[in-house]
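Enquirer: Quick one, what's the 3D model for this:
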Amino acid sequence: MPVYIRKNVNFTPPSIDNFPLEDDEDYITDPDQLLDRLPQPYRMIDKVLSQWYDEVWQIIEKRENERLEESRRIRAPQYECSAQMESQGRACCVCDSVDGRYIFIGQPRGLSAVDVQTQEKVASWEEESVDIHYVKAYLIGVQVYLVVTIDDMGFARLLIFGGDKFYFVKILNEFQKGRGGAHRPIFSNPAHGEGGTKLIISKCEASRNGDYLGAMFENPETAEVWLEVYKLPRDAWLNELESVLTKKEEKSEEDQGTDTQAPTDQEAPTPQNEVEPPPAATQSRKHSLSRGSSRLSVYTNTTNYEESTGGEKHTPKLSPTSVVMKLKPPPSMSELRQKGNPASSIHSACQKVDSGEVIGTGVNHILTPNHKDMRKEVFAHLHDNLMEYLPKEEEAEPLEDVNFHFMTAGRLVPTGLEQQSQIEEEDDMKRLPTTIAVWWKGSTHVVHYSLLKQHKDFDVKPDLVWPYLSPVTSSAISDDTSLLAVGFENGNIIIWDRYLGIQRGIVNIMDRVKIVQLTFLDPNICPQNLDDYQPYRTKTSTHLLALCDNGALYIMMSGPGLELDPICITPPVESEDDIFTMVQPIPGMHDLLITVLKSGKVQIRDTLQGTVLCEPVLPKSHELMTPWDPVVAVGAMGQVLFLKGNNKDYGEEEGGDQSESAGALFMYQMKLFPTLDSYMSRRRDKVSQTVHAKIENRIEALMKERIAQQGLRKHRMQERWGNMKEEIWSILQYKDMAEKKADNRPEIHYKRVRNLSQTPGSMGWTPFFRN
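Expert: Okay, the predicted model is just below:
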């Protein structure tokens, strides 16, 4: 009889993490197997050799597989740069304009705008000891751009580029001006002056059309962070710039008239405050700043920061911005569990409890810190012998990052629905944001705030709260803000249709995989499912691109009534050098993706297939600058690619990055890449993501369809009468078959015999059947 003896018989502490793993050799059926065949020390030598052999064999197998995959892999063609912009070698960041006309380059001493087609500097804004590390441009008018910059000291600046010139607006973290009009940074206590704590801005983003702006402030001393939302007077700025450029045009015409009357052998004196135009600016450009504005002619110039802030002729007085709200990060869930509500008393905690109209964030509760401490003491007293086995409490990480999206009116948030024209407005430039969605890093909530309400303090209650079980790690908003996607730490993705006010679906990409980036692609590359009825389009589908932390890329179609079926276009990577540090659709050509690997490779991929089409390479003497945060921009709507490269042979003892010879900005003409010819020649019609099916449009579409079908009315009537005869004949045939089946059905007669002392269903009551 076999004897079952377990080998690992010992005391296991009450912790799930410390249970030993059970394997096939954990149970034995023969007691003699408790003794090994080999004595010591030969038994130890045998185990070491066996383990060494297994490890060596795994290494050999892995190398053979890598060698086989490398031999089967088809290498993508590599293309070299067509031009080198050595004058922009000190570029720290690059950003393209929305319409693809210019690229804005952040430099150690200011900002410059370069024409994409001619690669010539159009204008520049300069200031000493200002190293621009972040730049982003927004189209706020016709060829008028709002430029947001952040320097290495954490100062955020707003500039407007229009008429081939930069106009300085303001510094967000400032409170007053010093001597000579110089701006001084804001401090936590204005009474301290320059001896106070300097506040820095780590993130600054605006809405799509530049109506609102959000900035995250940080206090280095107290480690406090908060989000401030500003209302930007976009229309007022456009009108003010229009008047300034109109006056400049009139003055230039007067100067030209006086020059023609002056003697030709004597040069006219140049005003002291005027900037003399360079020779490249002989041909003036025409710009229209807003709707209905006249064409303005201005020349290309270079503006110095001191002149732009001190000269009254050059800098117009633009309308100031206004603060809409200030939002503080909520305490983390672990902090709430450990410390409780920081209120001073239960009465004050009850006053902050929400009324119940909106689902709360779980912050305002009546569990005070004293109550939490008492519970811990009671638990420790009851389980004193088991406290050593409890896992150590991890310190709560502060919420140091915030993500937000400005959204137009929808049917999810009640505020904003009173502006019905905002929902039915077809022009995206006229649709103003009414809601901001905010989520903090490590938080499990996505909160929505109304931009139409007036908020005076930090205690701003959200209008809508989306609570989740897993921390939020990424989010994305479509161009028209009708779709909102949220990615989580557990690999789930939720897509919300804000226009209809419903949830489109939820999908799990992969267990134990974090979603690090989400991107909505242009709907023109997604096949649209047109209904047989109605004659007007009511639904729009689009692709969602998801990047996981293991390097895998997934794409899924998000459409009304469609299941979210993720398709892996790039498998998970094994080497850390193959992890994506940048995944961005090419503007104007959403069929293509530009990806940057941690190893420094730049690849252009097919969006739907994930295949590598080509690799733009730098010269052998250069390498990509900071592959983990590359300086990459695409201009001319996907026609020109810009890459920043550093010189490998340039040492720090020679000046390092302080000299322009340390790096250069390389330009690639993507239309000259043979592998991209089919993509360049492909045409796609513009497809709007939000379809406003008004009652007038529906009636007009139905009437057009009815009139178009009148010519086929006679043919349809004849076809219908012919089908009707066949249908009547089939009905008669079915009726005859039913009657024949009824006649052949056997008849059953029932005869019951009942005793007076018995009832139906009791013993002795029997029915008799007779055919």
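
Enquirer: ok, now which ones touch Arg498?
Expert: 407, 410-412, 481-484 (Cβ atoms under 8 Å, 6 or more residues apart in numbering). For every residue, glycine as well, the C-beta is placed using N, CA and C.

Enquirer: and those residues, which are buried?
Expert: Buried subset of these (neighbour count, 16 or more other Cβ atoms under 10 Å): 407, 410, 412, 481-484.

Enquirer: Spit out the contact partners of Thr675.
Expert: 76-77, 613-614.

Enquirer: Closest to Glu221 out of the contacts of Arg498?
Expert: Met407 (34.5 Å; Cβ to Cβ).

Enquirer: Now do the SS call for the residue lying closest to the closest one once chain neighbours are set aside.
Expert: When the adjacent residues along the chain are set aside, Met407 lies closest to Thr481, with 4.1 Å between them (Cβ to Cβ, 6 or more residues apart in numbering). Secondary structure, DSSP: H, G, I helix; E, B strand; the rest coil: Thr481 is coil.

Enquirer: about what we covered before: let's have the contacts of Thr675 in TSV, adding pLDDT, neighbour count and secondary structure.
Expert: Below are the contacts of Thr675 laid out as TSV (pLDDT from 0 to 100; neighbours: other Cβ atoms under 10 Å; DSSP: H, G, I helix; E, B strand; the rest coil):
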residue	pLDDT	neighbour count	secondary structure
Ala76	85	16	coil
Pro77	89	11	coil
Leu613	92	19	strand
Cys614	93	20	strand
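
Enquirer: Next, format those residues as JSON lines and append distance to Ala236.
Expert: Below are the contacts of Thr675 laid out as JSON lines (distance: Cβ to Cβ, whole Å):
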{"residue": "Ala76", "distance to Ala236": "50"}
{"residue": "Pro77", "distance to Ala236": "51"}
{"residue": "Leu613", "distance to Ala236": "46"}
{"residue": "Cys614", "distance to Ala236": "46"}
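
Enquirer: Out of the residues you listed, which is nearest to Cys92?
Expert: Among these, and counting by Cβ to Cβ, the member closest to Cys92 is Cys614, at 27.0 Å.

Enquirer: and the closest one, bridged to which residues?
Expert: Ile604 (DSSP bridges).

Enquirer: surely it meets Arg75?
Expert: No. Contact criterion Cβ atoms under 8 Å: Cys614 and Arg75 do not qualify, at 10.5 Å.

Enquirer: okay if I get the contacts of Arg498 as CSV plus pLDDT and distance to Leu386?
Expert: Shown next, in CSV, are the contacts of Arg498 (pLDDT from 0 to 100; distance: Cβ to Cβ, whole Å):
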residue, pLDDT, distance to Leu386
Met407, 90, 50
Gly410, 79, 52
Arg411, 77, 52
Leu412, 78, 47
Thr481, 87, 52
Ser482, 86, 54
Leu483, 91, 50
Leu484, 93, 46
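
Enquirer: Show the average pLDDT along stretch 61-68.
Expert: Averaged across stretch 61-68, the pLDDT comes to 81.

Enquirer: Any buried residues in it, and which?
Expert: Under 16+ other Cβ under 10 Å, stretch 61-68 has no buried positions.

Enquirer: And for stretch 553-567?
Expert: 553-559, 564, 566.

Enquirer: What are the contacting residues of that stretch?
Expert: Under Cβ under 8 Å, 6+ apart, the answer for stretch 553-567 is 483, 485, 493, 495, 497, 500, 504-507, 509, 526, 529, 539-548, 568-570, 580, 583, 607-608, 610.

Enquirer: Apply 6 Å and report the result again.
Expert: Defining contact as Cβ atoms under 6 Å, 6 or more residues apart in numbering, one finds that stretch 553-567 is touched by 495, 504-505, 507, 509, 539, 541-547, 568-570, 610.

Enquirer: Alpha carbons of it, in CSV - could you do that?
Expert: Extracted in CSV, the C-alpha atoms of stretch 553-567 (Å, rounded to 0.1, in the frame of the first residue of the first chain):
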residue,chain,number,x,y,z
LEU,A,553,1.1,48.4,-30.1
TYR,A,554,-2.6,47.7,-30.5
ILE,A,555,-5.2,49.2,-32.8
MET,A,556,-9.0,48.8,-32.5
MET,A,557,-12.0,50.2,-34.3
SER,A,558,-14.3,52.2,-32.1
GLY,A,559,-17.7,52.6,-33.6
PRO,A,560,-21.4,52.7,-32.4
GLY,A,561,-22.6,49.1,-32.0
LEU,A,562,-19.2,47.6,-32.7
GLU,A,563,-17.3,45.3,-30.4
LEU,A,564,-13.8,46.6,-29.4
ASP,A,565,-11.5,44.0,-30.9
PRO,A,566,-7.9,44.9,-30.3
ILE,A,567,-5.4,43.9,-33.0
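
Enquirer: re the thing from before, just the buried ones out of the contacts of stretch 553-567, please.
Expert: By 16+ other Cβ under 10 Å, these give 495, 504-505, 507, 509, 541-547, 569-570, 610 as buried.

Enquirer: Assign a three-state SS to the residue lying closest to Leu624 once chain neighbours are set aside, would you?
Expert: In space, and not counting its chain neighbours, Leu624 is closest to Gly600: 4.3 Å by Cβ to Cβ, 6+ apart. Under the three-state scheme (three-state DSSP), Gly600 adopts coil.

Enquirer: Need the mean per-residue confidence for stretch 451-462.
Expert: 76.

Enquirer: how long is it end to end?
Expert: 11 Å (Cα to Cα, to the nearest Å).

Enquirer: cool, stretch 623-642 as well?
Expert: Note: stretch 623-642 ends 14 Å apart using Cα to Cα.

Enquirer: Residues in contact with it: which ones?
Expert: 94, 96, 100, 103, 116, 581-582, 586-589, 596, 598, 600, 643-646, 648, 665, 667-668, 670-671.

Enquirer: Quick check: buried residues in it?
Expert: 624-625, 627, 630-642.

Enquirer: Would you point out the most distant pair within the contacts of Thr675?
Expert: Pro77 and Leu613 (8.2 Å).

Enquirer: PyMOL command for the buried members of the contacts of stretch 623-642?
Expert: The following PyMOL line selects those of these that are buried, judged by 16+ other Cβ under 10 Å:
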select buried, resi 94+96+100+103+116+582+586+587+589+596+598+600+643+644+645+646+665+667+668+670
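
Enquirer: taking the contacts of stretch 623-642 one by one, which sit in helices?
Expert: Secondary structure from DSSP state H places none of the contacts of stretch 623-642 in helices.

Enquirer: Just the closest of the contacts of Arg498 to Arg716, please.
Expert: Ser482 (38.5 Å).

Enquirer: Met44 belongs to a helix, doesn't it?
Expert: Yes. Counting by three-state DSSP, one finds Met44 located in a helix.

Enquirer: okay, now it: neighbour count?
Expert: By other Cβ atoms under 10 Å, the residues close to Met44 number 10.

Enquirer: Next, work out how far apart it and Gln51 are.
Expert: 11 Å (Cβ to Cβ, to the nearest Å).

Enquirer: Low-confidence regions, the stretch 1-150 of the chain specifically.
Expert: For the stretch 1-150 of the chain, the stretches with pLDDT under 70 are 1-37, 71-73, 86, 89.

Enquirer: Which parts of it are helices?
Expert: Along the stretch 1-150 of the chain, counting by DSSP state H, counting those that start in this stretch, helices occupy 42-72.

Enquirer: dump the residue contacts of Ser322.
Expert: Ser322 touches Lys231, counting by Cβ under 6 Å, 6+ apart.

Enquirer: brain fart, Phe488
Expert: Ser470.

Enquirer: go with 10 Å
Expert: Phe488 makes contacts with 444, 468-474, 494, 506, 508-509, 514-515, as judged by Cβ atoms under 10 Å, 6 or more residues apart in numbering.
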